[in-house]
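# Give me a 3D structure for the following:
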Amino acid sequence: LMDFTAFSEEQFDAKAWINNALAAPRAQGVNFDTHASMLLMKLQTFVQKINAEIEETSNQVVRDLPGIVKSVDILTQEVSSLRDRMTAVKEDIEAVEQNTAHTMAVLIDLDRVKARMAATSSALQEADNWTSLTADADEAFRAGDSRRAAATLLGMRRSLLVLSDVPDYPQRQALVAGLENRLEELVGPNLKLAFEAHNVELARELLVILGDVGRRAHATNYYTHLHSTVQDLWQTQTNSPTRASQWLFRFFDAMLELVEKELRFCQEVFPDGEVVLEMLLAGALNARQPSLTEVIIRDIKTLDQDESALAYVTSLLPLTASFHQSLPVGGPAISKSLYVHFVPFQLDYGNLQSSELTRRTAALPLTIADLSADDAIESLSAQLSSFESFLSDALRTCVELTGAAGVPGLVTATTNAVGSFCSAIGQALADLQRHHGLFAGAPPADPGEESPAAAQGFALIDLAGELLRRTRDFEGRVRAALLARKDEIHACIREEVDLSGKVPHVAWYCSDPSVMAPLETALAAAAKGSSLLAPAHSPLLTLNTSTHAFAYAAIMAPIAAKLALFPQMPEWGQAGGDDFSLSPLAYVTKIGEYLLTLPQQLEPFLARENSAFVLALHACSQPFPPDIYLPAPDENAADAWLNAISRGTVDAYLSAVASLPRLAPRGARQLAADLDYLCNVLSALDVTAFSDVVSLVQLLSVPPEEFASTAASVTLSRPALPARIATLRGIPFKP
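Reported below is the predicted structural model:
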C-alpha cells in the first residue's frame, strides 16, 4: 500500500518523496529495478483514476450550469419588483401624512378642550363640595367623631388643590389649618391616654388619623408619661439624704425595666419604634431636675476633708457606662443625655486634680530636723513613695475620666504638685538650716562630730535625685498613655467616633472647643518625644541645687568654724623661737583629721550604685559655689564631692591667710608648716585641688631676695595674694 496524502501537502518535495519511497525496499534487500517499475505503475494508475474523476465532475458542472443561470435571472427580477413596491409604499405614506395633518391638529385641539372642560367641571364640583364639606366638618367636631373629621379634612385639602386660584384661597387655607388644629386637640388627649395605658390598637388608630392630616410628627408630644415617670424615679432618689454614689445604680435599674417595657410598646405602635424611644428617652433624661451635674456639685459640698471630689466624680462614670451599655436602644442623643453631665468636671479636671494632689501632698510629714540620718532617709523615702503613688493615681484618674485627653490638665496638676512637694522639702531644708545654724548670715560654728547635718543633707540630695528620676519615669508613663490612645482621641476630635460606642464620655469632652488646642499640642510633643512635664523640672532643679548647697555647707561648717579664729591666733606674731620645734598647730591637724574622715561620711551614699544620687549631681545646674568647684560631666560623685570640699577648704584657708593682720618671720615658718601638713592630707585623699597651697608655702618660705622671682613663677587662684604675703613679711614687692 502506498500513502498518497503527501501529494496534497503545501510544502511537497518530489525528490524527498522518491528517496523515501525507494529507501525502504533497498534496506530490506528487494530488487531495486523491480521495485521502481512497480512504483511507477502504481503512480500511473493513480493518475488515470484522478483524471477520470476530474472529467466526471466537469461534465456534471456543464449539465447543471443552464439551470443555475436561469435561477439567478429569476432572483434578479424579484428583487427589482420588490424595490418598486417599496417605493410606492413610501409615496403612499407621504401622501397620507400630507392629507391628514390638518385633521390631526384638529383632534389634538379637541382633546385639549375636553381636558379643560373636565378640569373646569371638577373645579365646579369641588367648589360646590366646599360648603358641604365645611358643614360636615363642623358636624363631625360637634359629635366628637375624629375619624369622620379626618376624612372630611382630607376632602377639603383636595378641594384646596383645585381652588388654589380663587380670591379667598388664603382664608380657605387658614380654615383648614384651624380645623386640623381642632382635630389634633380632639385626638391628643385620647392618644395620651392610649400611650399611658399601652393600648396598642387605639394608639395605632389615632396615629393613622393624625397621619391623614399631616400631624403624625406631633404624636410624640403626647407621649408625656415617660418624661413624668423618669422624673418621678429621679426625684425619689435625689430627695434621699444619701449621695448619688449610693443610689444611682437603683435609678438605673428602674430605668432599664422602664425602657424595656416602653420599647415593646413603641415597636408595636410605631414603624420606627427604637428611633422614637431613643428621642423620647433622651429628652426625659435631659429634663431631669435637678440635673446630675447639680447633684454631683451638691454631693461634693458634703465630702469630708479627706475625701476626694475627683475620685467621687470618677466613681459615677462606671455606673453610667454600665447603664448605657445595657440599654436596648442607643444613639448619640442618649449618649449625650448621659455623659454631658460629666463634661463640666472633665473641663475642670486640671484644677480638680491639682487640688487633689496638693491636698494629699500637704498631709505628708516631711520634717526631719530631729531625726537621725538613717531615720531621715527612711522617712523621706517613704514620703516619696507616697507622692509617686499620688501621681500614679492621678494618671489613672486622667485615663478613666478623660480617656487621656485630659493630659494637659494632668501636666498642670503634676507641675503644681511637684512644686508643692519641692516647697515642702524646701521648708524641711530651711528647718534644718535653722536647726544646725547653717542659714545665710549665721556666724561660723562647729556642729560637732556627732552632728547629723551632713548626713541629713545627703539624704535630701538622694531624695531630690530620686524625685527627679521618678518624675521622669512618670512622664514616660504619661507619654505612653497618651500615645496609646492617640488614634481614639484624634477620632473624637474629628467627630469620627461612634458617640454611642466605647468612649462616648471622651467624645463629648473632646467636642468642647477649649480642649482641642492644648490637646493637639500635647499629642505633638508626645509624638516627637519632647518633654511633657518641662514646667515641673524647674522647681526640681532648684530644690536639687539647694540640697547640694546645704550638704556642702554642712560639711564645710567644722572647717569654717576652725578657721574663724585663725587671724587672731598669737602664733602668727611670734618673732623668735626654735624652728626645730615647729609642728602643725592643733587647728590644722583637726581640719586634716576631719578631711580624712570624709570618705567614711560619703560612703553610705557613694560607695553603692546610687543612681538617684548620681543623677542629682549631674542634673544640678550649680551644685557648689561657682568660685569653688564645678564637677566634670564624666566625674563620679565621690570624686566630685571630695574635690569640691578640698577646693573649698583651700579657698577658705586662703581667705583666712589674706585676712591676717600681721605675720612675723617665725609665724610665716609656722604657717608654712601648717600648709605643708594640709598638702600631705590632700595628697592622701588623692585630690588635685591643692596647687594653691604649694604655691603659698613657697611664698612663705622663700628668702626675701628671691620672693619676686618666685611670685612671678607661681600660679594662684587669688592674684592679689602674693602682694599680701609680701606686705605681711615686710618684703618690698611690686607685682
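# Could you list every helix and strand in contact with the longest helix along the chain?
Longest among the helix segments of the chain by residue count, using DSSP state H, is helix 32-143. Where contact means 3 or more C-beta pairs under 8 Å, 6 or more residues apart in numbering; DSSP states H and E, helix 32-143 is packed against helix 14-27, helix 146-162, helix 169-197. Bear in mind the C-beta positions are built from the backbone N, C-alpha and C, glycine included.
# any idea how far the first one is from the chain center?
Pointing back at helix 14-27 there. Centroid displacement of helix 14-27 relative to its chain, using C-alpha atoms, centre = their mean, to the nearest Å, is 94 Å.
# again with the last one
Computed by C-alpha atoms, centre = their mean, the chain-centroid distance of helix 169-197 equals 53 Å.
# Just want the angle from it to helix 32-143.
Helix 169-197 and helix 32-143 are oriented at 100 degrees to each other (axes from the mean of the first three to the mean of the last three C-alpha atoms, to 10 degrees).
# ok, now the shortest one?
Relative orientation of helix 14-27 and helix 32-143, computed by the same axes, to 10 degrees: 120 degrees.
# So that it lines up with my notes, have the first residue be 27 from now on.
Understood, numbering begins at 27; the last thing we discussed is helix 40-53.
# okay, helix 40-53 in PDB with CA atoms only?
The C-alpha trace of helix 40-53 is given here as PDB (Å, rounded to 0.1, in the frame of the first residue of the first chain):
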ATOM      1  CA  ALA A  40       9.200  15.400  -5.000                       C
ATOM      2  CA  LYS A  41      12.800  14.400  -4.500                       C
ATOM      3  CA  ALA A  42      12.400  13.700  -0.900                       C
ATOM      4  CA  TRP A  43       9.300  11.600  -1.600                       C
ATOM      5  CA  ILE A  44      11.100   9.500  -4.200                       C
ATOM      6  CA  ASN A  45      14.100   9.000  -1.900                       C
ATOM      7  CA  ASN A  46      11.900   7.800   0.900                       C
ATOM      8  CA  ALA A  47       9.800   5.500  -1.400                       C
ATOM      9  CA  LEU A  48      13.000   3.800  -2.700                       C
ATOM     10  CA  ALA A  49      14.900   3.700   0.500                       C
ATOM     11  CA  ALA A  50      12.900   1.100   2.400                       C
ATOM     12  CA  PRO A  51      12.900  -1.700  -0.200                       C
ATOM     13  CA  ARG A  52      16.700  -1.300  -0.600                       C
ATOM     14  CA  ALA A  53      17.100  -1.700   3.200                       C
END
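# quick check: mean pLDDT across it?
Mean pLDDT, helix 40-53: 73.
# who does that helix touch, helix- and strand-wise?
So helix 40-53, by 3+ C-beta pairs under 8 Å, 6+ apart, packs with helix 58-169.
# Now do the same for the helix it packs on: mean pLDDT, whole number.
Across helix 58-169, the average pLDDT comes to 77.
# Also stretch 427-446?
Average pLDDT, stretch 427-446: 89.
# ok so, going back, could you give the separation of the longest helix of the chain from the chain centroid?
74 Å.
# Next, the angle from it to helix 172-188.
Going by the same axes, to 10 degrees, helix 58-169 makes 110 degrees with helix 172-188.
# Work out which residue lies at the spatial centre of this structure.
Lys512 (3.5 Å; C-alpha atoms, centre = their mean).
# Pretty sure Leu549 is one of the things it touches, is it not?
Yes - using C-beta atoms under 8 Å, Lys512 makes contact with Leu549 at a distance of 5.8 Å.
# How about residues contacting stretch 315-330?
The set of residues external to stretch 315-330 that reach it, using C-beta atoms under 8 Å, 6 or more residues apart in numbering, is 257, 260-261, 264, 269-271, 335, 338-339, 342, 367, 370-371.
# what kind of secondary structure is the nearest residue to Leu726 once chain neighbours are set aside in?
Using C-beta to C-beta, 6 or more residues apart in numbering and skipping the chain neighbours, the partner closest in space to Leu726 is Ala698 (4.1 Å). At Ala698 the chain is in helix, as set by DSSP: H, G, I helix; E, B strand; the rest coil.
# what number of residues lie near Ala698?
Residues lying near Ala698 (other C-beta atoms under 10 Å) number 18.
# Isn't it up against Ser721?
No - taking C-beta under 8 Å as the definition, Ala698 is not a contact partner of Ser721, at 11.7 Å.
# can you pull the contacts of the residue lying closest to Ala313 once chain neighbours are set aside?
Among residues not flanking Ala313 along the chain, His253 sits closest, at 6.0 Å (C-beta to C-beta, 6+ apart). Contact analysis of His253 by C-beta under 8 Å, 6+ apart lists 306, 309-310, 313.
# and what of Ile235?
Shown in contact with Ile235 (C-beta under 8 Å, 6+ apart): 172-173, 176, 209, 213.
# Next, the contact list for Leu708, please.
Neighbouring residues of Leu708 by C-beta under 8 Å, 6+ apart: 621, 672, 676, 715-716, 719.
# Return the member of these nearest to Ala638.
Closest approach between these and Ala638, by C-beta to C-beta: Ser672, at 24.5 Å.
# Report how many residues lie close to that closest one.
Neighbour tally, Ser672, other C-beta under 10 Å: 24.
# tell me the pLDDT at it?
Predicted confidence (pLDDT) for Ser672: 86.
# Also Gly452?
Looking at Gly452, its pLDDT is 84.
# Check Ala308 too.
91.
# what residues are up against it?
The contact partners of Ala308, taken as C-beta under 8 Å, 6+ apart, are 357, 359-360, 362-363.
# how far does the helix or strand where Glu304 lies sit from the chain's center?
Using DSSP states H and E, Glu304 maps to helix 299-312. Put simply, helix 299-312 sits 32 Å off its chain's centre (C-alpha atoms, centre = their mean).
# same check, this time on stretch 382-395
From the chain centre to the centre of stretch 382-395 is a distance of 31 Å (C-alpha atoms, centre = their mean).
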